[in-house]
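S.K.: Based on what follows, work out the 3D shape:
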Amino acid sequence: MCAWTARLWTCTTPPTAPSGWCPRSTRSTKMIEYDEMDPFGEKYKQKWPATPYSVRCVSDTHQGAVVAYVYVDGTLACNAVLLERGRNPWLMDFKGFQSNIDTLYTKDSITEFLFTVPRAEVGRRDAPKPPPNPDLGTVVVKFYRAETKGEVTQHENKASAGVHINPVSKAKLKDAKATTATASGAQVQVAAGAYQATSYHLIDKLFPCATFKFHYGSLS
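M.R.: Numbering: from 1, shown residues only. Below is the predicted model of the structure:
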């Protein structure tokens, strides 16, 4: 059994679910609204159904601390230090996008992770096609071994509305052979202001000790 694990589930799915992937539930679905702009510069609004989800990372080892990095569609969304287990495994529930990736996750401004449908984006026919994203439709979690020399540093988190992520367009998802997109939703945690924290450093930045990849985009 791996000493580190990662799981995805929606807010209504119990954390004791046995599989690495826990299906979405319509009970947690809500409507989200975003501003769009047509090729002529006119603004309009679109609404989509969306389901909140979270990423649970667990460290079940006495081999020291690790840092868990969560990537959504290939972009770093959040990270946190997981200490070695004590009486129980050490765990972290990532509920959304981190505003300042260099600060402590539990002290930062967080906007919720959402599964949703792709945007019906209207663009010019002559608009350049964006480069393909091979990581579209995936959530990847990487664990890296970390150590500390015991330094305690002072941090200052300024108030922020959080990260804003729009769902990708239908055209991009079609190229990725995916049917589900990720977006940001409501702010679920506000920045804590000034705080002190113990500094941790990665022992090996090139090689993670464990990696988990979830292909959420191809699920219906």
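
S.K.: Could you check how far the residue nearest to residue 49 when sequence neighbours are not counted is from residue 115?
M.R.: Nearest residue to residue 49, sequence neighbours excluded (Cβ to Cβ, 6 or more residues apart in numbering): residue 29, at 5.1 Å. From N, CA and C alone the C-beta is placed, and that goes for glycine too. Using Cβ to Cβ, to the nearest Å, residue 29 is found at 9 Å from residue 115.

S.K.: repeat for residue 200
M.R.: 31 Å.

S.K.: Looking at the two, which one has more neighbours?
M.R.: Each of residue 200 and residue 115 has its neighbours counted (other Cβ atoms under 10 Å); residue 115 has more, 22 against 17.

S.K.: So the closest residue to that one other than its chain neighbours, which state does it fall into?
M.R.: Setting aside the residues directly before and after it, residue 115 is nearest to residue 51 in space (Cβ to Cβ, 6+ apart), at 4.7 Å. The three-state assignment at residue 51 reads strand, by DSSP: H, G, I helix; E, B strand; the rest coil.

S.K.: I'd say residue 51 and residue 28 touch.
M.R.: Yes: assessed by Cβ atoms under 8 Å, residue 51 is found in contact with residue 28 at 5.4 Å.

S.K.: quick one: which of these two has more around it?
M.R.: A side-by-side neighbour count of residue 51 and residue 28, using other Cβ under 10 Å, places residue 51 first with 20 against 15.

S.K.: separation between that one and residue 216?
M.R.: For residue 51, the distance to residue 216 - Cβ to Cβ - is 11 Å.
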